[in-house]
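> what follows is a predicted structure for the sequence shown.
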Amino acid sequence: MDRFQEMRAFVAVVDAGSFVRAAEALDISKTAVSRLVGDLETRLGVRLLHRTTRKLSLTPEGELFHERCRQLVDGVAEAEAELSTHAGEAIGQLRVNVPVTFGLLHLAPLWPAFMAQHPKVTLDVTLSDRLVDLVDEGFDVAVRIARLQVSSLISRQLTTTRLILCASPEYLRRHGAPRHPAELAGHSVIAYSLLAAGDQWEFFSSQGSREPIQVKVSPRMRTNSGDTCTAAALQHMGLVLQPSFLVGPHLDSGALVEVMPGFRSTELGVYAVYPSRRQLTPKVRALIDFLVDAFRMRAWPA
């Protein structure tokens, strides 16, 4: 059996955390992956992985060998990328990480068109609101919604979105609408637990000083899902601070109403980011150009 295939399978198992997911990533059977890793251990005469019914972990020898294997596998991938760059054709697997809600609402409908334009590219799209490490976790591109900090990553802005404080008309009828951020303390709040600012919400007056007004909220409910926050607001549970790309349709329909429009919250950029240490391959360039074009005409409540 080819030694490189053994090392490639070993790296895939470590990256995926299981033989099943590694088999899916390599598009071969789980039996084939197990045999490749087993042959590798037999040939080396050492155990590389601790296997239990719940998880896999590297042995000390496995940790050392994994680093060497990673370098070799990445080296081959980079060599192939250089060839495809030279040829100028988008080809190969493209691993993309995107936020869950944004990915479902605004990216999922785009993937078929991208794949139709680039039939030699295979997509591996992971939806997660966790801030992934692109280099360590092997992603080619990520879509992030944030005020980006200086980093080693290169970014290209796709569009913008604004956090909007809103509630249902029924909630506001029962409890009244706050007129100033300081009044949020007296209201039921449903908070997005992954918000970078946490419970310290920030607003800017549309008149007068441009200094931010910060108010600490005491949420009645927290969740790591923007969809859950929005669903709670639609059921009259309280105020939410959610991006316009999510609540925009509900504002248009009247199911939700913007609260304190004279105090605007944070504006965020939607970016495609990728590791600067890697050469921009045709497949990555193709995806970024495609996304920039796709979002050129997108507009949410300003």
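Yes, it's here.

> which is the next helix or strand following the strand or helix carrying T161?
Assessed by DSSP states H and E, T161 sits inside strand 153-167. Counting by DSSP H and E, the next helix or strand C-terminal to strand 153-167 is helix 169-175.

> circling back: which of the residues in the strand holding T161 are buried?
Residues of strand 153-167 classed as buried: 153, 155, 158-167 (neighbour count, 16 or more other CB atoms under 10 Å). In this view, the C-beta of every residue, glycine as well, is placed from N, C-alpha and C.

> repeat for stretch 227-245
Counting neighbours by 16+ other CB under 10 Å, one finds that the buried residues in stretch 227-245 are 228-230, 232-234, 236-245.

> dump that stretch to CSV, restricted to CA.
Only the C-alpha atoms of stretch 227-245 are listed here, as CSV (Å, rounded to 0.1, in the frame of the first residue of the first chain):
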residue,chain,number,x,y,z
ASP,A,227,-32.7,32.2,15.2
THR,A,228,-33.8,31.2,18.7
CYS,A,229,-33.5,34.8,19.8
THR,A,230,-35.6,35.9,16.9
ALA,A,231,-38.2,33.2,17.5
ALA,A,232,-38.5,34.3,21.1
ALA,A,233,-39.1,37.9,20.1
LEU,A,234,-41.7,36.8,17.6
GLN,A,235,-43.5,35.1,20.5
HIS,A,236,-43.5,38.4,22.4
MET,A,237,-40.9,37.4,25.0
GLY,A,238,-38.9,40.5,24.9
LEU,A,239,-36.2,42.6,23.2
VAL,A,240,-33.5,41.2,20.9
LEU,A,241,-30.4,42.7,19.4
GLN,A,242,-30.0,40.9,16.1
PRO,A,243,-28.4,41.5,12.7
SER,A,244,-30.4,43.1,9.9
PHE,A,245,-29.8,40.1,7.6
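
> next structured bit after the least confident helix or strand in the chain by mean pLDDT?
Across the helices and strands of the chain, the lowest-confidence element by mean pLDDT, DSSP states H and E is helix 60-87, at a mean of 74. Remark: after helix 60-87, the chain's next helix or strand is strand 92-98, criterion DSSP H and E.

> helices or strands up against that following strand?
helix 60-87, strand 121-127, strand 141-146, helix 282-294 (3 or more CB pairs under 8 Å, 6 or more residues apart in numbering; DSSP states H and E).

> perfect, that will be all.
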